[in-house]
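1. generate coordinates for the sequence data below:
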Amino acid sequence: MNLLEISKFLSLAAGITTIGLLLAIAFFLNDVEGKLGERAKALRNITSFAALAWAIATGISIVATLANILGTDLSGALDPTSMRSFISQITLGKYMFAQLCLALLVATIVARIKGVAGANALLLLSLAAIIAPVFESHSASSGSHALAIGSLVVHVVAISLWVGGLVAITFLKAQDRAMALPRFSALALWAAIAVSASGTANAWARLNFQSAWSSDYARLVLLKILLTAVLIFFGYLNRRQLKGSLKLDGKQLGRLLSVEVFIMAVTTFVGSKLSTMQPPLRSESSVLDPGLAVAGIATPPPPNLWRLISLYDPDALMIGVLVTAVALYIRGVIILTRRGDKWPVGRTVAFALGISAIDYATSGGLGVYAKFSFEYHMIAHMLLGMVAPIGIVLGAPITLALRTLPQGRTSEERGVRGTLIALLHSKPAAVFTNPVSALALFDGSLFVLYMTPLFGNLMQSHLGHLVMSVHFLLAGILFFHVIIGIDPNPRKVPHIVRIVILFAAMSIHAFFAVALISTSTLLDQGYFASLQTPWNLDLLADQHAGGSVAWAMGEIPILLALVATFIQWMRDDSRETKRIDRNEARLAAMGEPDELAQYNAYLSNLAEQDRDRKGRG
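-> Numbers count the residues shown, from 1 in each chain. All right, here's what the predicted structure looks like:
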């Protein structure tokens, strides 16, 4: 065992512990109207030490990694010039340095947080930090790049929540542990499923199974699978104990948790050991394929309808997010149905269509060709930013969540539902849901992305593709939520303002499309040229075709949103008319004047007062 293996294990263990403690602070322990309880405050100091240990171990791992790359001892890696080059020019060094900075940031801030919102923010920051080096863990030329990277990201996140959550529970007192275990048990079940599925997908994407069985790498993989199976069995025992079918006293439960933590520690060490070893990779083709080397996927044949429908290159990370969203949505509908409430079928269908559009634009045939042609990239952009968001928004996921998420365990605890409500009424939510802000993110970001070197830089990596896809999707969901959303909105936007915003969006989008069509230079910083795609040689014509697509596809969803806004306006007017009629009927039944009669009497009174003043004058 060398310094690199030890530092990687310590970095991973400290990172997982930090995530687990933040998870306990944010979700496992009671809050007081959004403020941290006493036990959660006590955990902050432990979390700060864990994050600091994470940063130190990551720093040592950076030095050890550089020494391993250079083939020198630690003194050679500590050379300022070599270190500066590693963390500023080498992608792996950049990601590891980003992890170090984020760990230090968490260690600095965590002791100062006062509410659940701060813990949630640091939890997301810690998850981003622990997955950062993953994006450089697989060579694009090995193929199945999106599947390998995405599945490993899901694997690391699921393990961090599962192992970290259990470690955090061992820090809790008996009464807090009894409160936290039911919530952790539900999370652990989902995490175990994600760990098993993502691990299988990652092995399939990386390994040459024919030659893997006789390698040390394969033996460690089998050991990790065995340990994971044992952990799932322990999780099953915990769930049985929580449901009362298996009676354990406090000491027995403590021993069970201790053994489980020990097995998790061994599993984590095996995982860190695997990260330092070279797996038996799938054999690479002897034919040089620039598409495989640059985009991580073999160059597809010229596009036609059948290939656009049938080709599929799974982006495991996006698929994991979509599967989680669908599972939560279905669970919400099931909860409502069991409760005797109805959920409109149209909303479920709209949500399903939106999810399908996202998958097609990222993993389907369109997602495949989007990596090789600006025209198809723009079609995928339009689908992610203007078509899929309409289905997601009309599916009303926030409304479903508010109707099905559990209440806090006490009258003072916000819980997950209360936290969501607080987020909807927060100042940042009010800023983002301002129609002008939504329009700026929706259309203004187009010019920032495509008319600057940012587009070319993002196209060079899998992370860049992911960032663009997420931005298109979230900006579209925010915009259409403000315009035609069914879900609660922090501000009520008048329908006339929505129509004005839609016309502005249509005009800005058309101007952007014309600007693309008029370009005389390429915007991709040489990305598409490096692919040497034989059926896409005229890159400027391809870019102009993308501008035409932006113009054609951009207008239709906005026109549909305009029609939907008019329909909602008429429905609101109809509801208001019925409300006034019901109020008048109620007043008439009580022998009181209705609102119109009251208003006329008010005007008559004003006129009488005016005549009196004139008579006295």
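2. please make it C-alpha for all contacts and neighbour counts, starting now.
-> Fine.
3. and Ala429, how many neighbours?
-> Per other CA atoms under 10 Å, the neighbour tally for Ala429 reads 15.
4. buried residues, the strand or helix carrying Phe511. List them.
-> Using DSSP states H and E, Phe511 sits within helix 495-517. Judged by neighbour count using 16 or more other CA atoms under 10 Å, the buried positions of helix 495-517 are 495, 498-499, 501-503, 505-506, 508-510, 512-514, 516-517.
5. tell me what it is packed against?
-> helix 435-439, helix 462-484, helix 539-589 (3 or more CA pairs under 8 Å, 6 or more residues apart in numbering; DSSP states H and E).
6. just the CA trace of the helix or strand following the shortest one, in PDB.
-> When you say that, I think you mean helix 435-439. Sequence order places helix 445-450 as the next helix or strand after helix 435-439, per DSSP H and E. C-alpha atoms of helix 445-450 as PDB (Å, rounded to 0.1, in the frame of the first residue of the first chain):
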ATOM      1  CA  SER A 445     -28.000  33.400 -22.200                       C
ATOM      2  CA  LEU A 446     -28.100  32.400 -25.800                       C
ATOM      3  CA  PHE A 447     -25.900  35.300 -26.800                       C
ATOM      4  CA  VAL A 448     -23.600  34.700 -23.800                       C
ATOM      5  CA  LEU A 449     -23.200  31.000 -24.800                       C
ATOM      6  CA  TYR A 450     -23.000  31.100 -28.600                       C
END
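7. residue closest to the middle of the protein?
-> Most central in the chain under CA atoms, centre = their mean is Val321, positioned 6.7 Å from the mean C-alpha point.
8. for Ala194, see how far away that residue is.
-> Remark: distance between Val321 and Ala194 (CA to CA, to the nearest Å) = 11 Å.
9. equivalent analysis for Ala325, please.
-> From Ala325 over to Ala194 the distance is 13 Å, taken as CA to CA.
10. swap in Leu124?
-> Distance from Leu124 to Ala194, by CA to CA: 18 Å.
11. if we can go back for a sec, which residues touch the residue nearest to the centre of the chain?
-> Not one residue lies near Val321 by CA atoms under 8 Å, 6 or more residues apart in numbering.
12. circling back to that earlier point, which of Ala325 and Ala194 has more residues huddled nearby?
-> A count of neighbours by other CA under 10 Å puts Ala194 above the other of Ala325 and Ala194, at 21 against 15.
13. identify the residues contacting the closest residue in space to the more buried one that isn't next to it in sequence.
-> Taking CA to CA, 6 or more residues apart in numbering, and ignoring the residues beside it in sequence, Ala194 has Ala158 as its nearest neighbour in space, at 6.2 Å. When the contact criterion is CA under 8 Å, 6+ apart, the partners of Ala158 are Ala191, Ala192, Ala194, Val195.
14. correct me, but the second one touches Trp162?
-> By that I understand Ala192. Yes - contact criterion CA atoms under 8 Å: Ala192 and Trp162 qualify, at 7.4 Å.
15. looking at those two, which one has more neighbours?
-> The neighbour count for Ala192 versus Trp162, taken as other CA under 10 Å, is higher for Trp162 (24 against 21).
16. what's the pLDDT at that one?
-> Trp162 is assigned a pLDDT of 84 by the prediction.
17. sorry, back to before: which residues sit against the helix holding Phe511?
-> The list of residues contacting helix 495-517 from outside it, by CA under 8 Å, 6+ apart, reads 435-436, 439, 443, 446-447, 482-483, 543-548, 550-551, 554-555, 558, 561-562, 565-566, 569.
18. buried among the residues you listed? Make that a ChimeraX selection.
-> Those of those that count as buried under 16+ other CA under 10 Å are selected in ChimeraX with:
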select :435,439,443,446,482,483,543,544,545,546,547,548,550,551,554,555,558,561,562,565,566
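19. quick check: domain ranges of this structure?
-> If you go by automatic domain parsing, the domain ranges for the chain are 1-136, 140-280, 306-581, 588-616.
20. out of those domains, which comes closest to Pro300?
-> For those, the distance to Pro300 is smallest for domain 306-581, at 7.5 Å, taking CA to CA.
21. tell me the mean pLDDT for the helix or strand hosting Arg347?
-> Taking DSSP H and E as the definition, one finds Arg347 inside helix 345-362. The average pLDDT for helix 345-362 rounds to 95.
22. what of stretch 228-245?
-> Averaging pLDDT along stretch 228-245 yields 62.
23. out of the helices and strands in the chain, which is least certain?
-> Scoring the helices and strands of the chain by mean pLDDT, DSSP states H and E places helix 209-212 at the bottom, with a mean of 56.
24. quick check: closest non-adjacent residue to Arg417.
-> Nearest non-adjacent residue to Arg417, counting by CA to CA, 6+ apart: Leu405, 5.4 Å away.
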